[in-house]
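*Asks:* Give me a model of this one.
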Amino acid sequence: MADRWFEDVPEHDPDDPDAVERALRRQERAAKRQGKSSGRKAKKAASAPVGGEPSGTVSRFGSGRAAGGPRGPRTPRMPRRRGSGGSGAGRGRFVILGVVGLFAILFVWFLFALFQPFAGDGEGEPFNVNIPRGEGVGAVGDLLAEEGVISNATLFELKATITGKRAELYHGNHQFRKDMSYSAALEELGKQPKKVTITVTVPEGLSRSETADTVEAAGLPGDYLADSVKSKSLDPDDYGADGKAKSLEGFLFPATYELKPGSTTKDLVEQQLQAFKDNIAGVDMKYAKKKNLTVYDVLTIASMVEREVAVAKERKTVAAVIYNRLAMGEPLFIDATTRFAVDNWTEPLTESELAVDSPYNTRTNQGLPPGPIGSPGLASIEAAAKPEKTDVWLYVVKPGTCGEHVFSSSLDEHNANVEKYQQAQEEAGGSPTEC
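*Replies:* All right, here's what the predicted structure looks like:
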């Protein structure tokens, strides 16, 4: 044992005790270093992964060193870029938040557009819209959008679906306004449709040209003047026109008419003619016939009465004036007939108009004009058929009244009444009537 130990002692002089001692100390220091080195290797092997590289070799990453050898130079690492990974993640978060925000805005807009919290029952006057039978919600929405009732047909259909009202809508005529909410429009469509009619009121005494304006203003489609020239349902000759009638003037009975949707001026004319037949059948024509007057003549007289009279109680008296003047052979001097001839119902008649060469000018022609100058009402027809029994044959407007007349049976009395009227006119600086 001692011999082997000495074999390991470094080379020295065995006879020199100091040399032997120095050699022993070097051997101890070497043994300590060897022990420390073995400990480090064992510790490193324990921490290395299974299947790791054998000792004494350079690791695949270039960071190892030979076992027991000096530590080799380390492979330089790339400097770590601060914030590069964090910046990418931040941008991603911003993109996601932006997309979510956009969808939120669109969703809120959709809810406002669908439920219309600030819309209501619409604007303006109500008007009729006819919903055809068999139309689905989509077609109804398109129709209402075209009429300006709602803003969007697709959202209207969606609202009907969401609220469960698709199967609760009625066809027919409904009253809508412009810019209604979907809820208000659906509410109206959920009501039983009203029976809507077109109302046309034809005042008493109007001529065909005046009535045409009234009918057009009522919104009834068609050409009233053309449709009121003749009709298969009434022939003026059956009432004594004897070929003189150029149109249905006088037979178009004035009244208020209710017409179904889709009606035209031709339908109105037919209703007027039927109303005339119904009313004329009850008029007593015995007196007129005794005076050799036909129903057509009575209508002509009644049309003048309608224009001359402003006070109902004077109808029979004015009719009597016409009868008396016809019997005397005096011109009627009723300027309403001249207005009919020149179709001027509103402006003062000029001198040239008063002298117009027309059979309707009752200043220059004796007897009745060729036919009615308008369509009279029943009261005037009855007055013309049986006038008041009186000998008056002249009249002038009474000053200080609203259209009343002063009647006289002599020219002197009449001239005195005319002078009073002219004096009142001069004092008033215009018309002396009070209407």
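*Asks:* got any ranges where the stretch 201-350 of the chain has weak pLDDT?
*Replies:* Scanning the stretch 201-350 of the chain for pLDDT under 70 picks out nothing.
*Asks:* which strand of this protein spans the most residues?
*Replies:* strand 123-131 (DSSP state E).
*Asks:* so who does residue 235 touch?
*Replies:* Contacts for residue 235 were tallied using C-beta atoms under 8 Å, 6 or more residues apart in numbering; there are none. Using the backbone N, CA and C atoms, a C-beta is placed for each residue, glycine as well.
*Asks:* From residue 326, how far out is it?
*Replies:* 26 Å (C-beta to C-beta, to the nearest Å).
*Asks:* ok, back up a step: can you name the next helix or strand after the longest strand of the chain?
*Replies:* Downstream of strand 123-131, the next assigned helix or strand under DSSP states H and E is helix 137-146.
*Asks:* Just the CA atoms from that following helix would do, formatted as PDB, please.
*Replies:* C-alpha atoms of helix 137-146 as PDB (Å, rounded to 0.1, in the frame of the first residue of the first chain):
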ATOM      1  CA  VAL A 137     -96.700  41.200 -46.000                       C
ATOM      2  CA  GLY A 138     -93.800  41.800 -48.300                       C
ATOM      3  CA  ALA A 139     -96.000  43.200 -51.100                       C
ATOM      4  CA  VAL A 140     -98.000  45.300 -48.600                       C
ATOM      5  CA  GLY A 141     -94.700  46.700 -47.300                       C
ATOM      6  CA  ASP A 142     -93.600  47.600 -50.800                       C
ATOM      7  CA  LEU A 143     -97.000  49.300 -51.500                       C
ATOM      8  CA  LEU A 144     -96.800  51.300 -48.200                       C
ATOM      9  CA  ALA A 145     -93.200  52.300 -48.900                       C
ATOM     10  CA  GLU A 146     -94.200  53.600 -52.400                       C
END
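*Asks:* Check which residues of it are buried.
*Replies:* For helix 137-146, the neighbour count (16 or more other C-beta atoms under 10 Å) marks 137, 140-145 as buried.
*Asks:* ditto for stretch 146-154
*Replies:* 148-151, 153.
*Asks:* Likewise for stretch 381-390?
*Replies:* Applying 16+ other C-beta under 10 Å to stretch 381-390 flags 381-388 as buried.
*Asks:* Could I get those in TSV, plus columns for distance to residue 434, pLDDT and secondary structure?
*Replies:* Converted to TSV, these look like this (distance: C-beta to C-beta, whole Å; pLDDT from 0 to 100; DSSP: H, G, I helix; E, B strand; the rest coil):
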residue	distance to residue 434	pLDDT	secondary structure
381	30	98	helix
382	29	98	helix
383	25	98	helix
384	29	98	helix
385	32	98	helix
386	32	97	coil
387	28	98	coil
388	26	97	coil
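*Asks:* what's the farthest-apart pair in the residues you listed?
*Replies:* The span of the buried residues of stretch 381-390, defined through C-beta to C-beta, is set by 381 and 388 at 15.1 Å.
*Asks:* Out of the buried residues of stretch 146-154, list just those in helices.
*Replies:* Among the buried residues of stretch 146-154, the residues falling in helices (DSSP state H) are residue 153.
*Asks:* The buried residues of stretch 146-154 into CSV, with extra columns for distance to residue 364 and pLDDT?
*Replies:* Putting the buried residues of stretch 146-154 into CSV (distance: C-beta to C-beta, whole Å; pLDDT from 0 to 100) gives the following:
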residue, distance to residue 364, pLDDT
148, 56, 91
149, 59, 91
150, 63, 89
151, 65, 85
153, 66, 89
